[in-house]
Every structure is written in C-alpha cells, then in structure tokens.
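> could you work out the structure for the sequence below:
(chains A and B)
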Number of protein chains: 2
Amino acid sequence: MKEIRGGITAPLGFLAAGIHAGIKKASVPDLALVVSVQEGPIAGVFTKNRVAAAPVLLDRLHLRRGIGRAIIMNSGNANACTGARGLTDAEEMAGLVAGRVGTAPHCVFVGSTGVIGQPLPMACIRRGVPTLVKRLRRGGGAEAARAILTTDTRAKQVAVRTRIAGRIVTVGGMAKGSGMIHPDMATMLAYLTTDAAIKQRTLQQALLAAIARSFNCISIDGDTSTNDTVLCLANGMAGTPVLRAGSPEFALFQRLMDHACLSLAMQICRDGEGVTKVVEVMITGARTQAHARLVAKTVATSNLVKTALFGEDANWGRIMAAIGRSGVPVDPNRINLTFDGIPIVKDGTSLGPMAERRIARIVRRKEFTVTADLGQGQATARLWTTDLSYEYVKINATYRS
Amino acid sequence: MKEIRGGITAPLGFLAAGIHAGIKKASVPDLALVVSVQEGPIAGVFTKNRVAAAPVLLDRLHLRRGIGRAIIMNSGNANACTGARGLTDAEEMAGLVAGRVGTAPHCVFVGSTGVIGQPLPMACIRRGVPTLVKRLRRGGGAEAARAILTTDTRAKQVAVRTRIAGRIVTVGGMAKGSGMIHPDMATMLAYLTTDAAIKQRTLQQALLAAIARSFNCISIDGDTSTNDTVLCLANGMAGTPVLRAGSPEFALFQRLMDHACLSLAMQICRDGEGVTKVVEVMITGARTQAHARLVAKTVATSNLVKTALFGEDANWGRIMAAIGRSGVPVDPNRINLTFDGIPIVKDGTSLGPMAERRIARIVRRKEFTVTADLGQGQATARLWTTDLSYEYVKINATYRS
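As a prediction, this is how the structure comes out:
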C-alpha cells in the first residue's frame, strides 16, 4: 500500500472542482463538485442526529437506489432546520448537477456544512453550478477539498493505492470537520472515491468497517452534527474482477479503505478547533467491549481532562474521576494508568513523586497515549481525543459574528 | 419563610469555625468544623462516582448509624485515589474531632475537596484541630464557609426560618463547588443544619427531595467529582414535636429545605468557573419525564451551546442539534423554541430575521430561559446551565500549577 497525491481525484475516472460561489461572504471557495466519468455503486453513512439536515434526508433517499455519479457540496450554510424549503433546495442542487453532467437526479448526492437555520442562497448555487462543471478536471481534488472547509485551518486529503488481482486499485478521499465531532455518529463530511470494481452491498460493508475504526473513534467536543455524512463512490475503472466480501482481494481493499479513513480522521483531530494536542485514550482489561468503549468515551469527552491536557498538567486524578463516573462498575483499587507506557497509578493510587515527574514530561508531547487498565477482563477500546483550549472557546463563541 | 443571616450556624445549637491549617500553600482558610451542642439525626447523599474519595467511604459507613454531632472539612486536598492510607487519614480526622468534642468517632463526618491523588498533610490537620475546636462559636458560619472553598470566588451560605407548630424552625447551610458540577450526582460539598425535631429517615427523605429539585438540576461542566457530599444534621432544639412525613408541618419543613438547597445550588451556578451567564433550560411537551430530562441534559452540557452563550450568539441551531442527538426520538418538525418567552423556532424552522433580532437582545441578559417544546406529550424537565468561557479553560488548565 502506498500513499500518493491527488486526493479524491487520484482513482481513475474521477474529476473535481471547487469555486467561490458567494455563499460565504469572504472570497474563499464554498462550492465543490466531484464527478465520476461513469455511474457506479455508492455507499453512505449518515448522522444519527434526529434533527438531520435536508441534504442528509435527500442522500438517504438517493442511497436506496445505490447508484452514484456525482457529489455536490457547499460550505457556509448547513441547510439544516430549514423545513420543506430546505428539501426543495437540496433537490434543486442535485437537479442542477444532473442536468449539466447528464445523469439522473438520484445519482447526484448533496452535502452542506455551515450555519444552521438559514435558507440556502440558491441564486449563488444556480450561478455556480455551470462554472463548476466547466472547471471539472483530473487535478481538481485539492480545490474541491478546500471548498468544503468551514472552521478548518487545513484541507484534508488522502489517496492510497495497492495492487489487487494484478491491477492498481486506488482509494482517494477528502474531509472537513473540526467542531461538532464525536464518536456517536456517522461523522462530519468525508468523501471517498475508488476505481475498484465492487458491488454496492460489499462497498457499504467495507465503508462501515473502516468508519468503526476511524471516524467513530475521534472526539473533539462531544457534539454530533445535523449534517454528518460519509460517502464512497466506486466506478470499477481499475479493471479488477468484482471484489467479493471475504476474499483475499477484498481484504486488501479493506486495508485501503481503513487507511484512507484513519488518515482523514487523524487529520481532522489534528486540525480540531483550537487543538494543540491529540491524545490516544486506550482502555484495556474491561469486562465487555461496551464497557471499554463507555469508559474511553467518558474520559475522552471530559472537559476537565481536556483542559488539563491543554494546560500540560499530568492531572491523572481527573482521568480516574472520569473513569469512575462512566457508569461502568469499575473497582478503583484495580485500575492501573500509564502515559506512553510509563506507570503512574497502580491499583488505584499514585506511584509517587518520581512517577509524577516522569509523566509531567510526557504530557508536554504533541501526541501521546493514556492507557487505563480496568483489571476486570480482556476487552479493549481506543479513542482519540483533543485538548480544550482558549482557542476552541473563541472559535465557537464568535462563529456566527 | 424568611431568609436570615448566619449560614450554617443560624439554627439553634450549632457552632462553627474555620482556620488556615497549612493544607493550602496560600494563607487562606482550609480547615472547617461544624458542631452541634447535642447529637442528632444526620442525612446524607454522596457522589455516584465509582472512584469515591476516602471521606465519602467513611461518611457512608458512619451514616449507617444515622447519628451526627460534628463535621470536619478541609479544602486543598481531596483525599481521593489515596488507597488504604487515605481511609486511615479520614478516620484519624474524625477521631481527632471526636476526642476533642467528646463524642463517638462515628458521630463525626469528614469532607475533603481539592487535588486528587496526593496524601493528606496530616501534620497540618493534627495541629489544626485543637485550634479549630477552641475557635468554635455561634457566629462561625461565615469563616467555615470560606474554609471549604477551592476555585470558588465567593462563599456560599443560606439560612431560612419559619414557624412550625408554634416554634421557630431554622435551616442553615453552606456549600462549595464551581467545577466538576453535573446533575448526574449527589453534588459538590454542601452542608445543612437544622434545629427541627425529626427522625433520621424523615430527614433523609426531605433531603433527597430537596436535592432532586436543586443540586441535581445544575450543570457547569458535565464532570462528576469523586468527593461530592451533601449532609444535613438536625438537633431538635427548636422544640417542635417530631415532624412526621406527610404532615402539614413536614410540608413546611420541606419548603425550608427546598429553599436552602436551591439557594445554594444557584449560588454555585453563578459562581461557576468562568461563568458569565446562568441559563435555565426548560423542556416541555416530552413523552416521558426521562425523555425531557435527557434532552435538557444534552442541551445543558453541549460545549457548542455553552460557547455560544458565552459569545452572546443566539445560535439556536446548536440547541436544535443538541436536542436531535440526545437519543430521544424527537420529530424536528414539531419542535418550538423560545428565549424568555419570545418564539424563534416554530415547527422546526426559524421565524425569520425579526425574531432573530429579538432573541439577539435576550441572549445579552445575565440570566434567561430557553424553552424547547417537543410537541410529543406532557412531561417537562428543568435544568440550569452556564456558559463556557476562556476563564473556565484558564482555571482548569492551570489548577495544579
């Protein structure tokens, strides 16, 4: 497996473009389009938020047919809490692209991100789509990746390839998201493309598995958005035989998907709102996987843990307190804690000033791992979390102003 | 019912004192003692955190006998995650007071708050207790209230009295807490005293009811501490007949307890770490009370909602998003939102720019109410939340430094 350049347009037969259509006040890209030269199966996972945005409702509907050709995305406006008008607007976006590209409207998927509760400025989108279609090109991945950003400071792209059944197969992707990120969800906006030949059901299976190990393991602020979407569009142009679930070829493809999703997820973490640190929270020795995950999630979302990380304070007491309130019946006297492998708590109590000094050095690292062994069983869970900084508060206190 | 001065020493027969014993580096009070002139029933509610501190473990044990005479409290050190030594230290604290005051050790309760995971400096406490006992006096409530503070900026006291069965009955109280505050818990440290004549079981019932409507309805940061404790000590000196559950006299006493607990809870909210606003989150029209409470809790603990409050941004979309991810099967198209009674969302969508401008003025208030009607039933829930400010991050990033 090899990382390459090109992002979402790295696989064969994908074109992309990004432009400033005027949805955002600032003169930055805000409308993106990805098109495959031919239709193919598409897989998707969406937010579990009951207040789902109009584009999510539309995509869910289109996904029932399972065929995709294009994805149009805007930033600057989430088209959420916009009622019937929002749905009409999302449909029109799909229709505009379908007409220009020459495909059925149900083969066009829509993504929106930005402020909630304001109607989409459709005039901008109507003007923008023809320009966007004209700009479509092989090297357009980077500008499309920029056009879907909101409070992100960096574009997030990935492309990996490997040889499967004698042919080069590529998976490309791009993502946006730096707030409202939390494991209990499909995820923020992430789009993947591949030239693998694969059936929709198999693609969906591969996408779900990859998400469970990547986007669903990161937490920035515990909030789940109304718009979270991951889509993966395949066009079969790599020329492999159709990949069958369970085959060694499928296993290779799964590795590509896993790598692409984890790369995008970690890029999102590192670019999280106000993030200065990315910390891996590893829970071991739990009785069940659900227990391990619940404890990991409670630690990863604790504001007291996250502010201590920002302050580079090795305040392991807050980690213990978070473990204790998770709802899992832990025995505090059996808990062992390590920071990057250095023990600090043994059987629930501190190993003393020398250990404290050693971990005080570790918490100054940009990335490190906190491992809590509950001493109750064999189950484990792993999440990545970030610190909570002044900058996070600033970004979110002033977002709409 | 009348609010009076005197705090925890306002009821008949209670003495208190607070001194600097040297547990905190700064020369501020850090050791407090409350003593009743005679033993009496004591009620208690403790943290649900599995990682409970030594004083909580000891108090739970002492509460089995249900009789109290004194409470000793220290700030600057939580005596949590301190293993067997922590328990021995808490026992010694109780023993020191019992010896000086002339009561059984199980009639002495212990409270600690501060840093987790460091052994209590027992030498300070051994030196401090004799001084503390000598200083005990009727007017000592205020200095005791100061001695239990950590990051609090203000002491929190209350005293209320009313006539019950021809006698004046008083409830006094003090509390500390400005971080690690969350509804899913007994609460931070709060101590109440009363001269009412009441059996332990009835007192426990009154305390539980008062907590459910006060301390369990406030949320500052979603974290539940290892040390949270509420105790209420009664000595019967008001001279009423013994108050019986269900009687009109008990109802009057319950009102005193409710008032005292809600006053302390709101003082805690207003003095929350970095708090600039206290916002009431009211959920109506839920199918069940559990639904209403879950939605209220999700809104009240959302970092995105809390940073928007700090920024005085009427970002109702974040409230909608929080409602949507609560896990309650809401129908977004039936949700109505108001800010201090001014409608902004009707049937899930914005009422437009004029309504936006009106609520933009409301979010500048120091205190206001956000009401979400789910349109599904009759159940309601009410919580108070606070904003998330730069100051919160600062306090918690630098707490141990």
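
> host element of A:Met266?
In the assignment (DSSP states H and E), A:Met266 maps to helix A:248-270.

> is chain B contacted by the helix or strand just after that helix?
Using DSSP H and E, the next helix or strand after helix A:248-270 towards the C-terminus is strand A:278-286. No: counting by CB under 8 Å from any CB of the partner chain, chain B has no neighbours in strand A:278-286; the shortest distance is 13.2 Å. Where you see a C-beta, it was placed from the backbone N, CA and C, and this is true even at glycine.

> so for the helix or strand just after strand A:278-286, what gets flagged as buried?
Using DSSP H and E, the next helix or strand after strand A:278-286 towards the C-terminus is helix A:289-301. By 16 or more other CB atoms under 10 Å in any protein chain shown, the buried positions in helix A:289-301 come out as A:His291, A:Ala292, A:Arg293, A:Leu294, A:Val295, A:Ala296, A:Lys297, A:Thr298, A:Val299, A:Ala300, A:Thr301.

> can I get the residues you listed in JSON lines including distance to A:Gly66 and pLDDT?
Shown next, in JSON lines, are the buried residues of helix A:289-301 (distance: CB to CB, whole Å; pLDDT from 0 to 100):
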{"residue": "A:His291", "distance to A:Gly66": "36", "pLDDT": "95"}
{"residue": "A:Ala292", "distance to A:Gly66": "34", "pLDDT": "96"}
{"residue": "A:Arg293", "distance to A:Gly66": "30", "pLDDT": "92"}
{"residue": "A:Leu294", "distance to A:Gly66": "34", "pLDDT": "92"}
{"residue": "A:Val295", "distance to A:Gly66": "37", "pLDDT": "95"}
{"residue": "A:Ala296", "distance to A:Gly66": "34", "pLDDT": "94"}
{"residue": "A:Lys297", "distance to A:Gly66": "32", "pLDDT": "90"}
{"residue": "A:Thr298", "distance to A:Gly66": "37", "pLDDT": "91"}
{"residue": "A:Val299", "distance to A:Gly66": "38", "pLDDT": "93"}
{"residue": "A:Ala300", "distance to A:Gly66": "34", "pLDDT": "91"}
{"residue": "A:Thr301", "distance to A:Gly66": "35", "pLDDT": "86"}
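
> and chain B, which of those residues contact it?
A:Thr301.

> if we can go back for a sec, and the helix holding A:Met266, average pLDDT?
On average, the pLDDT along helix A:248-270 is 94.

> tell me what it is packed against?
With contacts taken as 3 or more CB pairs under 8 Å, 6 or more residues apart in numbering or on different chains; DSSP states H and E, helix A:248-270 sits against strand A:156-164, strand A:167-176, strand A:189-194, helix A:200-212, strand A:218-219, strand A:278-286, strand A:379-386.

> helices and strands around the third one, which ones?
Put plainly, it is strand A:189-194. By 3+ CB pairs under 8 Å, 6+ apart, strand A:189-194 packs against strand A:31-46, strand A:67-77, strand A:108-115, strand A:167-176, strand A:229-234, helix A:248-270.

> for A:Ala234, give me its contacts.
With contact taken as CB atoms under 8 Å, 6 or more residues apart in numbering or on different chains, A:Ala234 is in contact with A:Gly40, A:Pro41, A:Ile42, A:Ala43, A:Thr193, A:Thr194, A:Asp195, A:Ala196, A:Ala197, A:Ile198, A:Leu203.

> quick check, stretch A:76-88 touching chain B?
Yes: Stretch A:76-88 lies within reach of chain B by CB under 8 Å from any CB, at A:Ala78, A:Ala80, A:Cys81, A:Thr82, A:Gly83, A:Arg85, A:Gly86.

> about what we covered before: which among the buried residues of helix A:289-301 gets closest to chain B?
A:Thr301 (7.8 Å; CB to the nearest CB).

> look up how far A:Val295 lies from the closest one.
A:Thr301 sits 11 Å away from A:Val295, going by CB to CB, to the nearest Å.

> just give the closest residue to whichever residue of the stretch 201-350 of chain A sits closest to chain B, not the sequence neighbours.
Per CB to the nearest CB, A:Gly317 is where the stretch 201-350 of chain A lies closest to chain B, at 2.5 Å. Excluding its sequence neighbours, the residue lying closest to A:Gly317 (CB to CB, 6 or more residues apart in numbering or on different chains) is B:Ile116, at 2.5 Å.

> just checking, A:His62 touches A:Val108?
Yes: assessed by CB atoms under 8 Å, A:His62 is found in contact with A:Val108 at 7.4 Å.

> so who does the closest residue to A:Gly66 other than its chain neighbours touch?
Setting aside the residues directly before and after it, A:Gly66 is nearest to A:Gln200 in space (CB to CB, 6+ apart), at 3.9 Å. With contact set as CB under 8 Å, 6+ apart, A:Gln200 has these partners: A:Pro41, A:Ile42, A:Ala43, A:Gly66, A:Ile67.

> the last one against A:Pro41, yeah?
Right, the one you point to is A:Ile67. Yes: between A:Ile67 and A:Pro41 there is a contact under CB under 8 Å: 6.7 Å.

> look at A:Val370 and tell me its secondary structure.
strand (DSSP: H, G, I helix; E, B strand; the rest coil).

> tell me how many other residues crowd it.
26 (other CB atoms under 10 Å in any protein chain shown).

> the one 3 residues further on now?
Burial of A:Asp373 is recorded as 19 neighbouring residues (other CB under 10 Å).

> which residues does it bridge with?
A:Thr284, A:Asn336 (DSSP bridges).

> rewinding a little: which SSE is the residue of the stretch 201-350 of chain A closest to chain B in?
Going by DSSP H and E, A:Gly317 is part of helix A:316-324.

> mean confidence for that helix?
Mean predicted confidence for helix A:316-324 is 90.

> got the contact list for it?
A:295, A:298-299, A:302, A:304-305, A:308, A:330, A:332, A:335, A:337, A:339, A:344-345, A:348, A:350, A:359, A:370, A:372, A:374, B:49-52, B:78, B:80-81, B:115-117, B:180, B:223-226.

> ok now do A:Thr240, which residues does it touch?
A:Ile164, A:Ala165, A:Gly166, A:Arg167, A:Val169, A:Ala196, A:Ala197, A:Glu249.

> then A:Ser263?
A:Glu3, A:Val158, A:Val160, A:Gly173.

> quick one: buried ones out of those?
A:Val158, A:Val160, A:Gly173.

> and of those, the nearest to chain B?
A:Gly173 (24.7 Å).

> circling back to that earlier point, want to try TSV for the helices and strands packed on helix A:248-270, with mean pLDDT and distance to B:Leu383 as columns?
Formatted as TSV, these follow (pLDDT from 0 to 100; distance: least, CB to CB, whole Å):
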stretch	mean pLDDT	distance to B:Leu383
strand A:156-164	97	36
strand A:167-176	96	32
strand A:189-194	96	32
helix A:200-212	95	33
strand A:218-219	74	23
strand A:278-286	95	28
strand A:379-386	91	25
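
> who does the residue nearest to A:Gln118 when sequence neighbours are not counted bridge with?
In space, and not counting its chain neighbours, A:Gln118 is closest to A:Asn77: 6.1 Å by CB to CB, 6+ apart. Following DSSP bridges, A:Asn77 is listed with bridge partners A:Thr113, A:Val115.

> per-residue pLDDT, the residue nearest to A:Gly317?
For B:Ile116, pLDDT reads 83.

> what does A:Asp223 give?
So A:Asp223 comes in at 54 (pLDDT).

> can you report how many residues lie near A:Gly341?
Using other CB under 10 Å: A:Gly341 sits among 9 other residues.

> tell me how far it lies from A:Glu280.
In terms of CB to CB, A:Gly341 sits 12 Å off from A:Glu280.

> joint contacts of those two?
A:Thr369.

> between A:Ile67 and A:Pro41, tell me which one has more neighbours.
A:Pro41 (22 against 16).

> most neighbours, which of the residues of stretch A:76-88 next to chain B?
In the residues of stretch A:76-88 next to chain B, the most neighbours by other CB under 10 Å go to A:Ala80, 30 neighbours.
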